[in-house]
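> sequence first, predicted coordinates after that:
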Amino acid sequence: MTLADHWVTHGNRMVFCRVRDQRPKNASRPKILVVLPCYNAQRWIEPCLAALARNAEPHDILLVEDGGAPLERLPALDNLIHCRMESNIGLIGILNFAARFALNEGYAFYARQDADDFSTADRLALQLAKADASEADLTVSGVRVVDGDGKWLWDVSGDLPADLIAALAVRNIFVHSTWFLRTSVFTKIGCYDERYVGAEDYEFLQRIARNGTVASVTQPLVEYRVHGGSVLASSNRPARTTARVVLRYFSFRRPASYKGLVRSMAAAIVPRNVKAAVRKRFSQSGA
C-alpha cells in the first residue's frame, strides 16, 4: 500500500501534503523508519541520503519538507517516502506527523535525523542491536561535530550518566539527530509537546527518562553540523524554552536542579552562535 496526497490537520487549520511514495507496492516493511524533516535543505539532502544509503540495515526514509523552497533533485530510492507540506507547520508538527505515520504503517523503530546531518554506514545496525539487546525505548549515540564545510570541530561521547534524571536536570545531554526510538514510546508517553518549540527533544527526553529506558552506543554514529544556516542557529528561543523545561521538571530535593536553573538562565542571555564560537575556540585550543 502506498501513501497518497492528503490533507493534514494542524491546530485549527488544514495543510495539504503532497506525497511521492517510492516504495514498491505490497513490499514488506522494514523495522526502521528514518525521519528526515527539512526546510530549504537542497544543499544537504543529496549527501545526507547518500550517507543513509550506505547503511545495509533495511530501512525506509520519510523525508518531509515543511514548506520553503521545493527540493529539485532527489535520488530514485525505492525506500523513500517524500512528503511536502504546502505551508509550514513547524518542526514539532512534522515530528508528530512522522510518529503517527510510523505507528500506522507498523514500523518498530523511528530513527530521527536532521537533513544537514549525516549518519555513519553502521549507525542503524549498531543502534538496532543495542535497542534489541537492552530493550530500550530510546537508543542514542555519540556524535562528531563538524562545521558547515564538514571540518571536524570536536567529538561527543554517547556515554550514559549513572543518574540520568540528575544529568538532565542540568542540560540536554543527547543530540536529537542520534535518537533511535521504539515507536511504541509514542503510545506509552505521547508525542512531542507543541508548547516547547526549540527544546521539544529536551522535554520529550525528560518524559522518557521517567517513564521508559535509555541505552547508548558510545561511539559517534552521526556527523552533527553546526552552521549559521541551521534552524534557530542564531536565535535565543531554544535557550529560553530550555529554561522553561528546567523549571517544569525542577525538584527542590535535587541539587542538580539548581545548577540547571542557573545554567539555563545564563544561556538564555547569550546568543547561540556566540556560544558555538566560544566552544569551538576552546576545543581547538585543547582547553
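Yep, that arrived.

> how about low-confidence regions in the stretch 101-250 of the chain?
228-235 (pLDDT under 70).

> mind listing the helices for it?
Here the stretch 101-250 of the chain has its helices, by DSSP state H, counting those that start in this stretch, at 123-134, 164-170, 184-189, 200-211, 237-248.

> could you give the separation of the fourth one from the chain centroid?
Between the mean C-alpha point of helix 200-211 and the mean C-alpha point of its chain there is a distance of 13 Å (CA atoms, centre = their mean, to the nearest Å).

> got it, and the second one?
The gap between the average C-alpha position of helix 164-170 and the chain average comes to 19 Å, counting by CA atoms, centre = their mean.

> okay, now Asn12: neighbour count?
Neighbours of Asn12 under the rule other CB atoms under 10 Å: 5. For the C-beta atoms, the positions are set from N, CA and C on the backbone; glycine is no exception.

> and for Arg195?
Residues near Arg195, counting by other CB under 10 Å, number 13.

> got it, and Ala98?
Burial of Ala98 is recorded as 26 neighbouring residues (other CB under 10 Å).

> who is the closest residue to it other than its chain neighbours paired with across the strands?
Nearest non-adjacent residue to Ala98, counting by CB to CB, 6 or more residues apart in numbering: Val35, 4.3 Å away. For Val35, the beta-bridge partners are Leu62, Arg112 (DSSP bridges).

> verify the contact between Leu247 and Ser257 for me.
No - using CB atoms under 8 Å, Leu247 makes no contact with Ser257, being 9.3 Å away.

> which of those two has more residues huddled nearby?
Using other CB under 10 Å as the criterion, Leu247 and Ser257 rank with Ser257 on top: 19 against 13.

> where does the more buried one sit: helix, strand or coil?
Secondary structure, DSSP: H, G, I helix; E, B strand; the rest coil: Ser257 is helix.

> for it, give its distance to Tyr196.
Computed as CB to CB, to the nearest Å, the Ser257 to Tyr196 distance reads 18 Å.

> re the thing from before, quick one: closest of the helices of the stretch 101-250 of the chain to Leu261.
Closest to Leu261 of the helices of the stretch 101-250 of the chain, according to CB to CB: helix 237-248, at 5.6 Å.

> other residues contacting that closest one?
Under the criterion CB atoms under 8 Å, 6 or more residues apart in numbering, residues 169, 171-172, 196-199, 202-203, 206, 232, 257, 260-261, 264-265, 267-268, 270, 272 lie in contact with helix 237-248.

> 6 Å - rerun?
Tyr196, Gly198, Ala199, Tyr202, Glu203, Leu232, Gly260, Leu261, Ser264, Met265, Ala267, Ala268 (CB atoms under 6 Å, 6 or more residues apart in numbering).

> got it, and stretch 251-269?
Stretch 251-269 is contacted by residues Ala166, Ala169, Val170, Ala239, Arg240, Thr242, Ala243, Val246, Phe250 when judged by CB under 6 Å, 6+ apart.

> alright, that wraps it up for me.
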